[in-house]
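S.K.: my questions are about this predicted structure, shown below with the sequence.
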Amino acid sequence: MRHDYRMSEIDMTGGMPVLRGRSFYNEPMKKYVSWRAGGAAQRVYVPADLEDLIWLIRSIPAREDIHMVGLGSNLLVRDGGVAGVVILLHGVLKKLAIESRTHGFPPAPLELDTALVYAQAGVAAPKLARFAANHDLVGGEFWAGIPGTVGGAMAMNAGCYGSETWDKLVQVLTLDRQGQLNERRPDEYVTGYRHVALKHAQQEWFIGGWFRLARGDGAASRETIKALLKKRIASQPLNLPSAGSVFRNPPGDHAARLIEVCGLKGYRIGGAQVSVKHANFIVNLGNATATDIERLIEHVEGTVEARTNVQLIREVRIIGERQ
């Protein structure tokens, strides 16, 4: 369902909206990605709110690239930088609320033992997990282990500890390249392990989602979150900049196991290293360039395929120009 987001109280000059967000030019992207490495963006924009974001999208020429970024925890910007506009959503699209029904469709009956949580794309996934637990809702504890935003979790069907984001979604709100809001149901998408795509492909970004969660014991849920975080701290190299898991797990196996049996734990290129704590993490030892990290990714891919005949598929996204 498509909606025209009408002008309300936007300042107008000569019939055109005045953008109210903040722009930065030739902005180093290492400030905004969890690897703390990489080149500059031609333009970075921080919207004032959703209305401002819509007008921004409408103002950007079709020939110009747009990159939506949350916490930058799954992203590498090459050292040559990235053209177009990088839009930062974390802390901007931050609505988080219990709702009685989804919007834009005939109301679907809610079971008495469930509730709907609406979360916008800029909300950190761990915050969604805590919000649900604090409202005595269960089933969303796994989000505490996802170091990104709700938008990123929806875009890649992020998951851990046996649960995935799209298992909980009943409706999403998207923004398309024409600056129109669209309300969509899961049956409009093809979803799978770390994969989400519209059946009728067009460029859209997730703005928010409605998640159905069961009512239950909030205190027990909070204890589960604590246990999951303790497990994460014990098993992952959180003391060094990384982007989480670099590769998807192959069917019936684990990328970390394959990388480790190939003798690659601790392998370095420049300031980038395959973590000695978790082989599916590549960490920045302090002075890594994006080139170091990308070369190491390619080396791991090539070595694992040559020795095990398994082709690893990347979870991380790489954008921009090589230097």
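M.R.: Now that the structure is in, tell me what you want to look at. Numbering: from 1, shown residues only.
S.K.: so when I look at V170, I'm seeing a strand, right?
M.R.: Yes - the assignment for V170, made by DSSP: H, G, I helix; E, B strand; the rest coil, places it in a strand.
S.K.: burial of it, as a residue count?
M.R.: The criterion is other Cβ atoms under 10 Å. On that basis, V170 has 17 neighbouring residues. Just so you know, the C-beta spots here come from the backbone N, C-alpha and C atoms, and that holds for glycine as well.
S.K.: hang on, it packs against R212?
M.R.: Yes - counting by Cβ atoms under 8 Å, a contact exists between V170 and R212, whose distance comes to 5.0 Å.
S.K.: now do the shared contacts for the two.
M.R.: By the contact definition Cβ atoms under 8 Å, 6 or more residues apart in numbering, V170 and R212 are jointly contacted by L116.
S.K.: check what pLDDT G151 gets.
M.R.: Taken from the predicted model, the pLDDT recorded for G151 is 97.
S.K.: contact partners for the residue lying closest to it once chain neighbours are set aside?
M.R.: Using Cβ to Cβ, 6 or more residues apart in numbering and skipping residues adjacent in sequence, the residue nearest G151 is A121, 2.9 Å away. The neighbourhood of A121, defined by Cβ under 8 Å, 6+ apart, consists of 68, 70, 89, 93, 149-152, 154, 205-209.
S.K.: switch to 6 Å and redo it
M.R.: Applying Cβ atoms under 6 Å, 6 or more residues apart in numbering, one finds that A121 lies in contact with L89, L93, V150, G151, F206, I207, G208.
S.K.: of these, which is the most crowded?
M.R.: Neighbour counts for those were taken using other Cβ under 10 Å; the highest belongs to V150, with 32 neighbours.
S.K.: can you get me a residue count around the closest residue to K94 other than its chain neighbours?
M.R.: With Cβ to Cβ, 6+ apart as the criterion, K94 has its nearest non-adjacent residue at 5.2 Å, and that residue is G122. G122 has 26 neighbouring residues, counting by other Cβ under 10 Å.
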